[in-house]
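**Student:** let me see the structure of the following:
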Amino acid sequence: MSSDPSKLHASLKKIMHLSQCHENEAPDAQHWQTLLHLLNEHFCIIEKHFQEESNGLSQQALNEAQRIANIGSWTYNHITDETHWSEQMFIICDLNKQNCSASYQTFLNCVHPDDKQNLIDFHKQALQGRETYTIDYRLLTEENKIQYVQEHSENSYDENGTAIFSTGTLQDLSSQKHQEDQLRRTQKMQALGNLAGGVAHDFNNLLGVMIGYAELLQLSQPSQDEIKLYSDNIINAGSRGARLARRMLSFSQHNSSEIHHCDINEVLLEEELMLQKSLTSKIELDIQLTENIWLTEINQDDLKDAILNICINAMHAMPDGGKFIIRSQNISIRDIPSDEIGVIPGDYIKLSFKDNGKGMNDKTLTQLFDPFFTTKGDKGTGLGMSQVYGFIKRSLGAIDVLSKPNKGTEIIFYLPRHTLNTEIEKTEDIVAEKYHKKQIRILIVDDEKSLCDLISEILKKHAYITFTANNAQQALEILASETVDILLSDIVMAEMNGYELAQKVSELYPAIKIQMMSGYSTDDNVKSKFAKQLAQARLHKPVSGETLLKAINEQLSTINPDYLQY
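**Tutor:** Now for the predicted structure:
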């Protein structure tokens, strides 16, 4: 409270003193003027006192409301570079108000390193586009705790279009994110239950194909054409089985921070079996893919979760059966007001999901993306579509929903196109020819001996010298006596795993290039930056000969041939 209560007492004391001085005599005009002046001064002090009291209570109430909602507020003056934060901003950013001042740089220092540049670019784009915006990203505290937040902001401009003032809010979504993760796991378990029976049936069929054709190769004297036919069928069956295994393994992981170039058509084809099983046999699945679909840069796990979520909702909307259409398209949006679909003009991948189910009324549509809103009663959590909306916004895209009661629903994603330099020189053959003259030596480490021997045979046929080990200790013994250029190691092994082996090899033999491979896809135990880099480039078992040779050539391209002494 900035007003001094003693001023009230002093003012009142003056008034009482003036009144007492004239108890026994008639007051004159001067007396009344002085008294009125004192009374006016006194009431001004009272008014100021209560105004400050009211302002203090209002600020206290605002701080309490922001604390309950876990929302902070901020303002930034682009002209003076002045920044003001509410109390809750400091709390969300895990900063001590006494030890730091509010500034844009202070805030950026709190943003997760993987999200920082994207956020800076987004801020610049929003200022240039003069748009009100919402964006989700992560903060990283000094104790390495990740906070999931959502920022909403508006900008003010002068008559020349120059930004002069920004104001916004920052909401901590970590609790909601935790609930979304729980929902995601629940959905995956439900889908896994639907999928398991079909996968077991399909695996038995594939194994029957592989065993049958292998027996034909052993029992008869097939011609060259028959040999090629039988081997092609075995390879195709094995490849289908590998895709099934990868899909099953993907249920056990979710790497929300990994953003990669994504071919949406490939994701849909990979998910087709799982989606059909989730929809059940009563619903016809029709996937319509545009050829040469553009790439987008998103988190593929988030996309798969969003597709699964919409698929499950469509299944509930068609209890008596129906048709579910998924369509991918390349579209260019030009000269369209951004508020119509929520995107700026540019190139987008349009991904639509259409069912002929119950549909939704206008009231339901307005609440569709609200957290905890559900039309499924006790069977729903109300977080599914909120989760989908968050994914689209993190991907800098937009989502549109078209629906009428008894007319079905169409949900449309607009994901921004990501352009790559496609004029990459094909150097595999050049690399192989250059280095084979040096007789490249490769150490293969895998606890499955038959697989180790198979990889060795493949590499030998392409003029590589190979060594094999069935555990990390054998590998280290070989390295102590042999010169090796590339280490090709499995990850999941007893006693010492592949990452631990790679760490030792990089310390003892820093010139050796390391390529990891694994049939188990989770990276939950990968902690160091070194291991994470290896994990990102790992080969997924089963590995085809073509994929294996390509990975070896990529490793060779980083080796200086002048350092090879043999």
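
**Student:** tell me the domain ranges of this protein?
**Tutor:** Domain assignment for the chain by automatic domain parsing gives 5-68, 70-172, 261-424, 428-563.

**Student:** of all the ones you listed, which lies closest to residue 239?
**Tutor:** domain 428-563 (7.7 Å; C-beta to C-beta). Bear in mind the C-beta positions are built from the backbone N, C-alpha and C, glycine included.

**Student:** so residue 344 belongs to a helix, correct?
**Tutor:** No - counting by DSSP: H, G, I helix; E, B strand; the rest coil, one finds residue 344 to be coil, located in no helix.

**Student:** that one and residue 119, how far apart?
**Tutor:** 17 Å (C-beta to C-beta, to the nearest Å).

**Student:** ok, and the closest non-adjacent residue to residue 500?
**Tutor:** Leaving aside its sequence neighbours, residue 500 sits nearest to residue 472 (C-beta to C-beta, 6 or more residues apart in numbering; 7.0 Å).

**Student:** report pLDDT for that neighbour.
**Tutor:** At residue 472, the model reports a pLDDT of 93.

**Student:** what number of residues lie near it?
**Tutor:** When neighbours are counted by other C-beta atoms under 10 Å, residue 472 registers 23.

**Student:** and for residue 161?
**Tutor:** For residue 161, using other C-beta under 10 Å, the count is 8.

**Student:** list the residues that contact residue 389.
**Tutor:** 369, 399 (C-beta atoms under 8 Å, 6 or more residues apart in numbering).

**Student:** let me see the mean pLDDT of whichever strand or helix holds it.
**Tutor:** Assessed by DSSP states H and E, residue 389 sits inside helix 384-394. When pLDDT is averaged along helix 384-394, the result is 79.

**Student:** got it, and stretch 410-419?
**Tutor:** The predicted model gives stretch 410-419 an average pLDDT of 89.

**Student:** what does the pLDDT read for residue 481?
**Tutor:** For residue 481, pLDDT reads 93.

**Student:** how close does the residue lying closest to residue 539 once chain neighbours are set aside sit to residue 466?
**Tutor:** Spatial nearest neighbour of residue 539, chain neighbours left out: residue 517 (3.9 Å); criterion: C-beta to C-beta, 6+ apart. Counting by C-beta to C-beta, the gap from residue 517 to residue 466 is 15 Å.

**Student:** when those two are compared, which one has more neighbours?
**Tutor:** residue 517 (23 against 20).

**Student:** looking at this, that one is in a strand?
**Tutor:** Yes - assigned with three-state DSSP, residue 517 falls within a strand.

**Student:** oh, and call the first residue 801 from now on, that's how I've got it
**Tutor:** Renumbered: residue one is now 801, and that last one reads residue 1317.

**Student:** that one is in contact with residue 1341, isn't it?
**Tutor:** Yes - with contact defined as C-beta atoms under 8 Å, residue 1317 counts as touching residue 1341 (6.0 Å).

**Student:** circling back: and the next helix or strand after the helix holding residue 1189, average pLDDT?
**Tutor:** Heading C-terminal from helix 1184-1194, the first helix or strand you meet, by DSSP H and E, is strand 1198-1203. Taken as a whole, strand 1198-1203 has a mean pLDDT of 90.

**Student:** so what touches the next helix or strand along the chain from strand 1198-1203?
**Tutor:** Heading C-terminal from strand 1198-1203, the first helix or strand you meet, by DSSP H and E, is strand 1209-1216. Strand 1209-1216 is contacted by residues 1064, 1096-1098, 1106, 1110, 1114, 1117, 1131, 1133, 1141-1143, 1146-1155, 1157, 1159-1160, 1192, 1195-1203 when judged by C-beta under 8 Å, 6+ apart.

**Student:** let's see it at 6 Å
**Tutor:** With C-beta atoms under 6 Å, 6 or more residues apart in numbering as the test, strand 1209-1216 has contacts from 1096, 1110, 1143, 1148-1155, 1159, 1195-1203.

**Student:** cool, stretch 1272-1286 as well?
**Tutor:** 1240, 1241, 1242, 1243, 1245, 1267, 1269, 1296, 1301, 1312, 1313, 1355.

**Student:** flag every buried residue along it.
**Tutor:** If you call a residue buried by 16 or more other C-beta atoms under 10 Å, then stretch 1272-1286 has these buried ones: 1272, 1275, 1276, 1279, 1284, 1285, 1286.

**Student:** now do stretch 1297-1306
**Tutor:** 1297, 1298, 1299, 1301, 1302, 1303, 1305, 1306.

**Student:** pLDDT of that stretch, averaged?
**Tutor:** Stretch 1297-1306 comes out at a mean pLDDT of 91.

**Student:** again with stretch 948-962
**Tutor:** Per-residue scores along stretch 948-962 average to 84.

**Student:** ok, the residue nearest to residue 1339 - contacts?
**Tutor:** Neighbour list for residue 1317: 1290, 1338, 1339, 1341 [criterion: C-beta under 6 Å, 6+ apart].

**Student:** reformat the residues you listed as JSON lines; add pLDDT, distance to residue 907 and neighbour count.
**Tutor:** Listed next are those as JSON lines, based on pLDDT from 0 to 100; distance: C-beta to C-beta, whole Å; neighbours: other C-beta atoms under 10 Å:
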{"residue": "1290", "pLDDT": "91", "distance to residue 907": "44", "neighbour count": "26"}
{"residue": "1338", "pLDDT": "85", "distance to residue 907": "36", "neighbour count": "19"}
{"residue": "1339", "pLDDT": "85", "distance to residue 907": "40", "neighbour count": "18"}
{"residue": "1341", "pLDDT": "80", "distance to residue 907": "44", "neighbour count": "19"}
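
**Student:** now, which of these lie within strands?
**Tutor:** Counted as lying in strands by DSSP state E, out of those, are 1290, 1339.

**Student:** nearest to residue 927 among the contacts of residue 1317?
**Tutor:** residue 1338 (40.2 Å).

**Student:** pLDDT at the closest residue to that closest one other than its chain neighbours, what is it?
**Tutor:** Leaving aside its sequence neighbours, residue 1338 sits nearest to residue 1316 (C-beta to C-beta, 6+ apart; 4.2 Å). Confidence at residue 1316, expressed as pLDDT, is 90.

**Student:** one more: the one 3 residues further on?
**Tutor:** In the prediction, the pLDDT value recorded for residue 1319 is 75.

**Student:** just to revisit the earlier point, contacts only, for the residue nearest to residue 1338.
**Tutor:** Residue 1316 makes contact with 1289, 1291, 1298, 1334, 1338, according to C-beta under 6 Å, 6+ apart.

**Student:** isn't residue 1034 right next to residue 1012, touching?
**Tutor:** No - assessed by C-beta atoms under 6 Å, residue 1034 is found out of contact with residue 1012, at 9.1 Å.

**Student:** and the host helix or strand of residue 1125, what does it pack onto?
**Tutor:** Assigned by DSSP H and E, residue 1125 belongs to strand 1122-1133. Secondary-structure packing of strand 1122-1133 (3 or more C-beta pairs under 6 Å, 6 or more residues apart in numbering; DSSP states H and E): helix 1064-1079, strand 1083-1088, strand 1146-1155.

**Student:** in its sheet, what does that strand sit against?
**Tutor:** In the sheet, strand 1122-1133 lines up against strand 1083-1088 (parallel), strand 1146-1155 (antiparallel) (DSSP bridges).

**Student:** which one is residue 1253 nearest to, not counting chain neighbours?
**Tutor:** residue 1268 (6.7 Å).

**Student:** residue contacts, that neighbour?
**Tutor:** 1244, 1252, 1256.
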